[in-house]
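sequence isn't available, so here's the structure alone:
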């Protein structure tokens, strides 16, 4: 009986680790729950329940096996879809019998400890190029391409920099959008830019919570009302912070 309980504990720990990685990296709620339950079933826990919210995961086993319930708190969330894909790949290997419990735990711990994001300079360059391209996509003029690149890159740089010192994400987004609006106004005022609105629209796109909105809608459609509404509220607050930063510039300048 003792070995059975210990084995069940190890299985649940691996499932919770996989769910934690996915949820912290931007995975949808229903995907996290489905992955955890499939992994548990593949390791022998046929009857399990999982309840996932953006801030925590509850997982339990039931049936003839020992009934065990564990919880994991989610303190930070970011966007790293590569980690989500890697955990999905490990889950498929587990379900097909290609990975043992020990091997799965080792690979998951390795994924959890790694930083798979692109180097910060590349992120800034990508945000700059995306800002210029979005500006053109919104019917901007080519003369505003360089100002949009500079404004968008500076805004993203400011967002990451402020977020390191201020843990409140919405405050960082407000300051970043404030920088974007101020730089766009300066470029237009100096004659280096023509369309203030197009420069601002293109530059703030790197801050827009696109993944949050998508996940909120998908969770709502899948019936996860708590997660869907909370993610929708987070996306709304993010959009409000971005809009407030731009509104301050337009109001006073």
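Yep, that arrived. All figures in this text were calculated on a predicted structure; none of them were measured in a lab.

distance of the closest residue in space to residue 80 that isn't next to it in sequence relative to residue 79?
Distance criterion C-beta to C-beta, 6 or more residues apart in numbering; nearest residue to residue 80, sequence neighbours excluded, is residue 25 at 4.1 Å. For glycine as for every other residue, the C-beta is placed from the backbone atoms N, C-alpha and C. Computed as C-beta to C-beta, to the nearest Å, the residue 25 to residue 79 distance reads 7 Å.

for residue 210, same thing?
Relative to residue 79, and taking C-beta to C-beta, residue 210 is found at 9 Å.

more neighbours: which of the two?
Per other C-beta atoms under 10 Å, whichever of residue 210 and residue 79 has more neighbours is residue 79, with 14 against 11.

is it correct that the more buried one is in contact with residue 211?
Yes. With contact defined as C-beta atoms under 8 Å, residue 79 reaches residue 211; the gap is 5.5 Å.

tell me the residues that contact both of the two, please.
Counting by C-beta atoms under 8 Å, 6 or more residues apart in numbering, the residues touching both residue 79 and residue 211 are residue 26.

how about the spatially most central residue of the chain, what does it touch?
Compute the mean C-alpha point of the chain, and by C-alpha atoms, centre = their mean the closest residue is residue 79, 3.0 Å away. By C-beta under 8 Å, 6+ apart, residue 79 lies in contact with 25, 26, 211.

over to residue 230?
Each residue near residue 230 by C-beta under 8 Å, 6+ apart is listed here: 53, 54.

give me the element it is part of.
helix 225-252 (DSSP states H and E).

flag every buried residue along that helix.
Of the residues in helix 225-252, those buried by neighbour count under the rule 16 or more other C-beta atoms under 10 Å are 227-228, 230-232, 234-235, 238-239, 241-242, 245-246, 249.

ok, now stretch 197-209?
Those would be 198, 199, 200, 201, 202, 203, 204, 205, 206, 207, 208, 209, for stretch 197-209 by 16+ other C-beta under 10 Å.

quick revisit: please pick the buried ones from the contacts of residue 79.
Applying 16+ other C-beta under 10 Å to the contacts of residue 79 flags 25, 26 as buried.

mind putting the contacts of residue 79 into CSV with distance to residue 172 and pLDDT?
Shown next, in CSV, are the contacts of residue 79 (distance: C-beta to C-beta, whole Å; pLDDT from 0 to 100):
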residue, distance to residue 172, pLDDT
25, 19, 91
26, 18, 88
211, 17, 83
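
okay, and which of the contacts of residue 79 map to strands?
Among the contacts of residue 79, DSSP state E puts none in strands.

closest one of the contacts of residue 79 to residue 115?
Distance to residue 115 across the contacts of residue 79 (C-beta to C-beta) is lowest for residue 25, with 11.4 Å.

measure that closest one to residue 153 for me?
For residue 25 relative to residue 153 (C-beta to C-beta), the value is 25 Å.

so for the strand or helix carrying residue 159, what's the average pLDDT?
Using DSSP H and E, residue 159 falls within helix 145-165. The average pLDDT for helix 145-165 rounds to 91.

any idea how far it is from the middle of the chain?
Offset of helix 145-165 from its chain centre (C-alpha atoms, centre = their mean, to the nearest Å): 19 Å.

would you map the strands across the chain?
48-53, 56-61, 68-73.

need the ones you listed in CSV with mean pLDDT, mean neighbour count and distance to residue 17, can you?
Shown next, in CSV, are these (pLDDT from 0 to 100; neighbours: other C-beta atoms under 10 Å; distance: least, C-beta to C-beta, whole Å):
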stretch, mean pLDDT, mean neighbour count, distance to residue 17
strand 48-53, 89, 19, 13
strand 56-61, 90, 19, 10
strand 68-73, 89, 13, 8
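
mind checking those for the one nearest to residue 220?
strand 48-53 (13.8 Å).

tell me the strands beside that closest one, with direction?
Each strand paired with strand 48-53, and its direction, by DSSP bridges: strand 56-61 (antiparallel).
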